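>>> here's my sequence, what's the structure:
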Amino acid sequence: MKPTRVIVVMAVLAGTGCTVEYDSGGGAADGDYHGEGMGESTDDTKSDSRMTVGAAVTRTCTTSSLAPLSLQIAAEVQCIAPESLQAFSEGDGITFSGGAAVIPYLAPDAIAGLQNAAQIEGSVQVVSAYRTVAQQYLIYRWYKAGRCGIPVAAQPGASNHESGRALDVQNWANVRVTLESEGWAHDVPGDGVHFTSSATSAQGLDVLAFQRLWNRNNPEDLIAEDGDYGPQTADRLSRAPIRGFDVGASCL
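Take a look at the predicted model:
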């Protein structure tokens, strides 16, 4: 279910001094990238605490640099739709082989299936779970620029990982049958690591969450809170701080 659209007065776009790439359709929208944590992971963002997401495109090859912002987005999603995402942790057979790039949230039913599979198998190595629109922005920009070894990537707002029901698993070959028996479909031909849960989708809520966070921190530059990834959201996302906003999630 798409979030209720909220009409917000939009400020006129001012010059930002940077170019924001926005693809209105086609291209790689039907593809996705499932290799987080498996390849190149250089990070040259730690020295600048106010670096923007747009600037990080050429400074890193890991979405872990956006972890603080992504966690704020996930927390805001939980405020918008409390039943859509649930946190999970390492332990009882679950390990995060993707390091800080793993945003440990999924749809509740998806987590239950993952936990059951981990208890049965003894080890499920999670490379990537929930992925926010901020992380997908980086991945898509890397893909378009030919950086970081990204062979294909969905546009921001369209990735299966943003739905809260996608999982990439390092030791997928060993646990595939059990994950499938627990509701995780191995449904992307040629992409062994990827599994998709039949749980209810939270698609679009991460975009809405970012829009709300932006407006909360930039009352003089409001954008539509509609859950759709368009030119205005792309522009503001490029200017968002990778270390997160000063004012984070609010459930009020």
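>>> so which residues of this structure form helices?
In the chain, the helices defined using DSSP state H lie at 53-56, 67-80, 108-121, 133-145, 172-181, 205-217, 231-239.
>>> turn these into CSV, columns for mean neighbour count and mean pLDDT.
(Each C-beta comes from the backbone N, C-alpha and C, glycine too.) Converted to CSV, the helices of the chain look like this (neighbours: other Cβ atoms under 10 Å; pLDDT from 0 to 100):
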stretch, mean neighbour count, mean pLDDT
helix 53-56, 22, 95
helix 67-80, 22, 95
helix 108-121, 20, 96
helix 133-145, 24, 94
helix 172-181, 16, 97
helix 205-217, 24, 97
helix 231-239, 20, 97
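>>> tell me which of these lies nearest to residue 91.
Nearest to residue 91 among the helices of the chain is helix 108-121; the distance by Cβ to Cβ comes to 8.8 Å.
>>> contacting residues around the closest one?
83, 86, 88, 92-94, 106, 124, 126, 164-165, 167, 174-175, 178-179, 181-184, 197-200 (Cβ atoms under 8 Å, 6 or more residues apart in numbering).
>>> same thing but 6 Å
86, 88, 92-94, 124, 165, 175, 178-179, 182-184, 197, 199 (Cβ atoms under 6 Å, 6 or more residues apart in numbering).
>>> now the buried members of those.
Neighbour counting by 16 or more other Cβ atoms under 10 Å classes 86, 88, 93-94, 124, 165, 175, 178-179, 182-184, 197, 199 among these as buried.
>>> sorry, back to before: out of the contacts of helix 108-121, which one has the lowest pLDDT?
Across the contacts of helix 108-121, the bottom pLDDT score, 86, is held by residue 199.
>>> one step back: redo the buried ones among the contacts of helix 108-121 as JSON lines? Include distance to residue 65.
Below are the buried ones among the contacts of helix 108-121 laid out as JSON lines (distance: Cβ to Cβ, whole Å):
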{"residue": "86", "distance to residue 65": "25"}
{"residue": "88", "distance to residue 65": "22"}
{"residue": "93", "distance to residue 65": "28"}
{"residue": "94", "distance to residue 65": "24"}
{"residue": "124", "distance to residue 65": "25"}
{"residue": "165", "distance to residue 65": "25"}
{"residue": "175", "distance to residue 65": "29"}
{"residue": "178", "distance to residue 65": "33"}
{"residue": "179", "distance to residue 65": "29"}
{"residue": "182", "distance to residue 65": "32"}
{"residue": "183", "distance to residue 65": "32"}
{"residue": "184", "distance to residue 65": "28"}
{"residue": "197", "distance to residue 65": "27"}
{"residue": "199", "distance to residue 65": "28"}
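>>> which of those sits closest to residue 215?
Of the buried ones among the contacts of helix 108-121, the one sitting nearest to residue 215 (Cβ to Cβ) turns out to be residue 86, at 25.6 Å.
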